[in-house]
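Asks: dropping a prediction and its sequence here:
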Amino acid sequence: MNEAGGTLFFGNFWVPGDGDGLTTDAPAAVVVRRADGRIRVAVSDPKRTGSTVKVTLPYPASAVLSADSTVTVSTGNRPVVIVKAAGSAGRSHQAVLAAG
């Protein structure tokens, strides 16, 4: 979905998969917003059964600006966001990246 000033992606993956260039290795609900030179990512485990969720983004990122303590990010041409979802009861885990 495109919006004025950026791009917004919503995806519910009930099994590992891909959509619009974004991939997950486990069930995940993912929201990505690209705007103002930033990529904001929120990830949750909709089944509340997994221990980690790995999301690979299709947008280059040069730095991690902020991230929850449960989130690790590898930047680059295809940034990888790894979320420790165990015990979080389906809540979202967030990171903000510098685009580029």
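Replies: Arrived safely, thanks for sending. Here the structure is a predicted model, which is why all the values come from computation and not from measurement.
Asks: any low-confidence regions in the chain?
Replies: 1-6 (pLDDT under 70).
Asks: of all residues in it, which one is nearest the centre?
Replies: V41 (4.3 Å; C-alpha atoms, centre = their mean).
Asks: beta-bridge partners for that one, please?
Replies: Beta bridges link V41 to V32, A95, judged by DSSP bridges.
Asks: tell me how far V71 lies from V81.
Replies: Per C-beta to C-beta, to the nearest Å, V71 is found 6 Å from V81. For glycine as for every other residue, the C-beta is placed from the backbone atoms N, C-alpha and C.
Asks: now for the two: what residues contact both?
Replies: V43, A95 (C-beta atoms under 8 Å, 6 or more residues apart in numbering).
Asks: who has more neighbours out of the two?
Replies: The neighbour count for V71 versus V81, taken as other C-beta atoms under 10 Å, is higher for V81 (29 against 21).
Asks: that one contacts V41, correct?
Replies: Yes. Using C-beta atoms under 8 Å, V81 makes contact with V41 at a distance of 5.6 Å.
Asks: which residues are common contacts for the two?
Replies: V55, L57, A95.
Asks: could I get the buried residue list for stretch 93-100?
Replies: Within stretch 93-100, the residues that count as buried by 16 or more other C-beta atoms under 10 Å are H93, Q94, A95, V96, L97, A99.
Asks: of all pairs in the residues you listed, which one is the farthest apart?
Replies: Longest distance between any two of the buried residues of stretch 93-100 is 19.7 Å, between H93 and A99; criterion C-beta to C-beta.
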